[in-house]
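*Asks:* requesting a structural model of the entry that follows:
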Amino acid sequence: QLQLVESGGGLVQPGGSLRLSCEASRFSLDYYVIGWFRQAPGKELEGLLCKSGSATVTINYADSVKGRFSISRDNAKNTVYLQMNSLKPEDTALYYCAAGNRGCSSTMRYYSSWGRGTQVTVSS
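*Replies:* Purely as a prediction, here's the structure:
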């Protein structure tokens, strides 16, 4: 089974930037759709962005991050990235990447493999 490991989280001040990484092992990411999700304390899991295996399709599901977050992938490194700019305190959450082969979706059930998450805290 595809294994995913997120990294790059941490504490950042409002207005700062972070780049999260999602590295895959055991299988190539080339044919997988990758989605980024987050879950803030006391809130439901929120789908953020998705990129297809060919990188030709990118979908941003969350209005709250449009213009600030972007997704990219480097299939040679078997890694997908989430670039987060202009971070706000409300971006504080546990961030997950997930892989699937059913097409981009903000719905959890479309993804069969999940990482354990990386914590992002935005605070002064």
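*Asks:* Leu11 looks like it's in a strand, true?
*Replies:* Yes. According to DSSP: H, G, I helix; E, B strand; the rest coil, Leu11 belongs to a strand.
*Asks:* could you look up the SS state of the residue nearest the centre of the chain?
*Replies:* Closest to where the C-alpha atoms of the chain average out (CA atoms, centre = their mean) is Trp36, at 2.5 Å. Under three-state DSSP, Trp36 falls in the strand class.
*Asks:* need the contact list for it.
*Replies:* By CB atoms under 8 Å, 6 or more residues apart in numbering, the contact list for Trp36 reads 20, 22, 47-50, 69, 71, 80, 82, 95-98. In this view, the C-beta of every residue, glycine as well, is placed from N, C-alpha and C.
*Asks:* next SSE downstream of the worst-scoring helix or strand of the chain on mean pLDDT?
*Replies:* None of the helices or strands of the chain scores lower by mean pLDDT, DSSP states H and E than strand 58-60, at a mean of 83. Using DSSP states H and E, the helix or strand that follows strand 58-60 in sequence is strand 69-74.
*Asks:* strand partners (parallel or antiparallel) of that next one?
*Replies:* Here strand 69-74 has these sheet partners by DSSP bridges: strand 79-84 (antiparallel).
*Asks:* could you say what helices and strands the helix or strand just after the strand it pairs with packs with?
*Replies:* Downstream of strand 79-84, the first helix or strand assigned by DSSP H and E is strand 93-100. Applying 3 or more CB pairs under 8 Å, 6 or more residues apart in numbering; DSSP states H and E, one finds that strand 93-100 contacts strand 3-7, strand 18-25, strand 33-39, strand 79-84, strand 113-114, strand 118-122.
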